[in-house]
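> The following block contains a protein sequence and its predicted model.
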Amino acid sequence: MISVSTALSIISKISYTPNPKTIPLKNANGLLLGENIISQINMPPFRQSAMDGYALLLHDENSYQIIGEVKAGDADNYSLEPGQGVRIFTGARVPDNANTVVIQEKVNRSENTITLDSEIHANQNIRAVGEQIRKGATALTKGTKLTPAGIGFLAGLGITNVEIYTPPRVSIITTGNELITPGEKLKEGKIYESNSIQLETVLQQLHIKQITNYVVHDEYKSTKETIQQAIDNNDLVLISGGISVGDYDFVKEALSELHTEELFYKIKQKPGKPLFFGTNNKTMIFALPGNPASSLTCFYIYVLPIIQKMMGADTIGLKRTTKLITQDFIKKGDRAQFLKAKVSGETVEILEGQSSAMLYTYAIANALVYIPEHVDSIEKGNEAETILLPQ
């Protein structure tokens, strides 16, 4: 059995070269760029009005002759004399020799003449060529997560396709004779299976779409065959249950028989002690505890960093911070603990219901409080290491 810090060190040393793939920009939300994006244009590509008003060539008088109009999208480029101007609208091209735009609320107009209500200055309300980005500059860097705003930004530069890191293909293998599918009639001795949908949902939250689900009973031959099939067709295999030491836990034996390289098995932590991590050829394999809360905690702490590596992320793991604990806490036992908790401002409350089988507490939690092996207690008002959960 190894420590949490040793397990995380092993995870951190895993190297993985993600595969880039070119896809339509509109399909890239939530994915990571596999290339630096260089702008091929200035943005804006012309001097652009920031307001509805009048583009003027300043002179010493307070009145101006309006000689035309420029709407957004017009290509007209009026040549102005001092004291002349054009009616202009937001986003329209400012004439090359106009040197200010005055907003319409600050002028009085009579036919083709305007009079200024207040003093104005040169270069007001004009967006300069390349003000947002210059041609040849880096728009977004490799590894950037594409958001709706980022996609809109790139579309505004005329980009239609981007190279992204391909999300991994993932299989979820659920084991257990006691499990039945939600929606079926609950029979004596059975429970509804929740781990697969829980894991699938968190994978979808990471924008992973190629997910294959397998269900196996507690029987060695089918367990081994299913694991082999998952290894052959996926980049990452997540096995739920069957990894402990019971008479009907066959996962560890099957993995060994399939020549899986064990990187660690069992961590001195609560929940989630019986966690396995290994590789088989290029496929990463995690055998997660069957208890739902244990399974989710192990996913967030150990599986997520591997997925982030596979997707080309620079930042690995969930955000960690410190918060002031709202109650005294005394740890039972000598294992490190990940406790479901709720952050509010600068404080964190450890929630009741920390059983490894209990998901209700997880459903209302937004953080985990981490208590290392060497810490026996934390007094109210002291800092506690806090891991923020994705929302």
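Good, I have the coordinates. Numbers count the residues shown, from 1 in each chain.

> quick one: the helices in the protein?
4-12, 148-156, 195-205, 220-233, 251-257, 292-298, 304-310, 360-364 (DSSP state H).

> okay, the fifth one in CSV with CA atoms only?
As requested, C-alpha coordinates have been extracted for helix 251-257 and formatted as CSV (Å, rounded to 0.1, in the frame of the first residue of the first chain):
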residue,chain,number,x,y,z
VAL,A,251,-10.5,-7.9,-11.8
LYS,A,252,-7.0,-8.0,-10.3
GLU,A,253,-6.4,-11.6,-11.4
ALA,A,254,-7.7,-10.9,-14.9
LEU,A,255,-5.5,-7.8,-15.3
SER,A,256,-2.5,-9.8,-14.2
GLU,A,257,-3.3,-12.6,-16.6
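
> What are the buried residues along that helix?
Applying a neighbour-count criterion of 16 or more other Cβ atoms under 10 Å, one finds 251-252, 254-255 buried in helix 251-257. C-betas here are computed from N, CA, C, even on glycine.

> So which other helices or strands are in contact with it?
helix 220-233, strand 261-265, strand 276-280, strand 283-288 (3 or more Cβ pairs under 8 Å, 6 or more residues apart in numbering; DSSP states H and E).

> redo that, cut-off 6 Å
Applying 3 or more Cβ pairs under 6 Å, 6 or more residues apart in numbering; DSSP states H and E, we find helix 251-257 packed against helix 220-233.

> Buried residues, the helix it packs on. List them.
By 16+ other Cβ under 10 Å, the buried positions in helix 220-233 come out as 222-224, 226-227, 230-231.

> residues making contact with it?
171, 173, 214, 216, 237, 250, 254, 258, 280, 283 (Cβ atoms under 6 Å, 6 or more residues apart in numbering).

> So which helix or strand of the protein has the lowest pLDDT on average?
strand 179-180 (a mean of 76; mean pLDDT, DSSP states H and E).

> quick one on the thing from earlier: for ChimeraX, what selects the buried ones among the contacts of helix 220-233?
To isolate the buried members of those in ChimeraX, using 16+ other Cβ under 10 Å:
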select :171,173,214,216,237,250,254,280,283
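
> of all the contacts of helix 220-233, which two lie farthest apart?
The span of those, defined through Cβ to Cβ, is set by 250 and 283 at 19.0 Å.

> Turn the buried residues of helix 220-233 into a markdown table, including distance to residue 179 and pLDDT.
Shown next, in a markdown table, are the buried residues of helix 220-233 (distance: Cβ to Cβ, whole Å; pLDDT from 0 to 100):
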| residue | distance to residue 179 | pLDDT |
| --- | --- | --- |
| 222 | 14 | 91 |
| 223 | 14 | 93 |
| 224 | 19 | 94 |
| 226 | 14 | 95 |
| 227 | 17 | 96 |
| 230 | 18 | 97 |
| 231 | 22 | 97 |
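
> Would you reformat those residues as TSV and include distance to residue 160?
TSV is the format used below for those (distance: Cβ to Cβ, whole Å):
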residue	distance to residue 160
222	47
223	46
224	46
226	41
227	41
230	36
231	37
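
> Out of these, which comes closest to residue 188?
Lowest distance from residue 188 to those (Cβ to Cβ) belongs to residue 222, with 23.9 Å.

> Quickly note the distance from the closest one to residue 286.
20 Å (Cβ to Cβ, to the nearest Å).
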